[in-house]
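**Q** model the following, please.
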Amino acid sequence: MVRYWCVILATAVLAILGPAGSMGAGDHVVRRAAFDIGSTSIKCTVADVDMITGALVKVVAEDARKVDFAEDLARSYDGNLGREVMERGQAALEALRQDALKLQARQFSAVGGACFQAARNGRAYFVTLQQALGFSCRIVSEQQASLLNYHAVRLMVNVPEPALLVWDIGGDTQQMTVRNPDGTMTFHMDDLASVSFKNAVIRVIQGRDIATAHSPNPMTERQVREALRYAKAHAEMELPRDLAGRLRSGALTVIGIGGVHYHSLPETMGSGPARYTRRQAADALARWTGKSDKDFASEYADTRLTNLILVLAYMDTMGIDAVTPIKCNEAHGLLVSPEYW
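**A** A predicted model of the protein is given here:
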């Protein structure tokens, strides 16, 4: 299990802060733990938040646990999440909560999105989580989730709002969020995402049953070409004309968030997450075509190649020359959204 704690404050500093974790700034600074219960993993961000200004003072630590809710739901015969994956999710949340308590977090909140709206027992599961863990666990709409991500990104990048597009690819949905010239927002919700596209490749391109075939790897060059055509046709059909026009004009700076942009694509390219181009994505796809899951050496090996195909297809179709990935998820937006605490 991959863990990536990025503990910023040393134990000695934590001791100076005192039990409230107030950083010496007074009672108006509180240490919070925010949980993003995603379709493929659960992420936790522990941070100090100024209760008066609503500003994020300091990120203390971040962690994530893989829990593949989307894969489980895709294979469900009745539209319910299975008991095993729900128990893994609750255990992961409890472990993350305990780690946050050790860092002196005092407030806790969690949100989940489309996967749990789709599951017949998704809402009941979140009621169970809230009762068992003792803090707010809410399912948010796709627009609410997109807003949480969008406002979190705004805190992290120096890009004027009219020029900012946030592209988030999850397990079963992807979203593009942008502010329009008239001040309104466009939320593009798309059901072709990391797990859903991988399963489409297995089912449509390879003609196999996703109930028994969990990975499309290794993929032949012909299968890769067909998968690219499939994703490009979907992008052409689904993306709103106005949004597509703004992307093709080059007027938007594309910020990629989520594991696909921040981890999957840079890892297959062999580069850091500062920025990646369409050419780099195409070169990486050529290098990894025909590789097995073992070659990828990742617990997400089954989606590594199809993630490349999916992103490259959208970049080609929309004329996106480069994506700047940043480490951001719903938990960052959740931290500074007072209505969730």
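**Q** give me the below-cutoff pLDDT ranges for the stretch 151-300 of the chain.
**A** Low-confidence regions of the stretch 151-300 of the chain, defined by pLDDT under 70, span residues 273.
**Q** burial measure for the closest residue to residue 204 other than its chain neighbours, as a count.
**A** Once flanking residues are discounted, residue 204 sits nearest to residue 230: 6.6 Å by CB to CB, 6 or more residues apart in numbering. Backbone N, C-alpha and C define where each C-beta goes, glycine included. Residue 230 has 19 neighbouring residues, counting by other CB atoms under 10 Å.
**Q** I figured residue 230 hits residue 198, correct?
**A** No. Contact between residue 230 and residue 198 fails when scored by CB atoms under 8 Å: they sit 11.9 Å apart.
**Q** check contacts around the residue nearest to residue 204.
**A** For residue 230, the contacting residues are 200-201, 204-205, by CB atoms under 8 Å, 6 or more residues apart in numbering.
**Q** neighbour-wise, which one of these leads?
**A** So for the contacts of residue 230 (other CB under 10 Å), the most neighbours sit at residue 201, 27 neighbours.
**Q** picking that back up, and of the contacts of residue 230, the nearest to residue 160?
**A** residue 200 (36.1 Å; CB to CB).
**Q** element containing that closest one, please.
**A** Secondary structure assigned from DSSP states H and E places residue 200 in helix 194-200.
**Q** that helix packs against which elements?
**A** Helices and strands touching helix 194-200, as assessed by 3 or more CB pairs under 8 Å, 6 or more residues apart in numbering; DSSP states H and E, comprise helix 69-74, helix 301-318.
**Q** any idea how far the first one is from the chain center?
**A** Between the centre of helix 69-74 and the centre of its host chain there is 15 Å, according to CA atoms, centre = their mean, to the nearest Å.
**Q** other residues contacting the following helix or strand past it?
**A** Later in the chain than helix 69-74, the nearest helix or strand by DSSP H and E is helix 83-102. When contacts are defined by CB under 8 Å, 6+ apart, helix 83-102 is touched by residues 5, 33, 35, 37, 42, 44, 46, 61, 63, 65, 67-69, 72, 108, 110, 125, 128-129, 132-133, 135.
**Q** excluding its backbone neighbours, what's nearest the residue nearest the centre of the chain?
**A** Here the mean C-alpha position of the chain is nearest to the C-alpha of residue 258 (CA atoms, centre = their mean), at a distance of 3.2 Å. Nearest-residue entry for residue 258: residue 168, 4.9 Å, with adjacent residues in sequence omitted and distances by CB to CB, 6+ apart.
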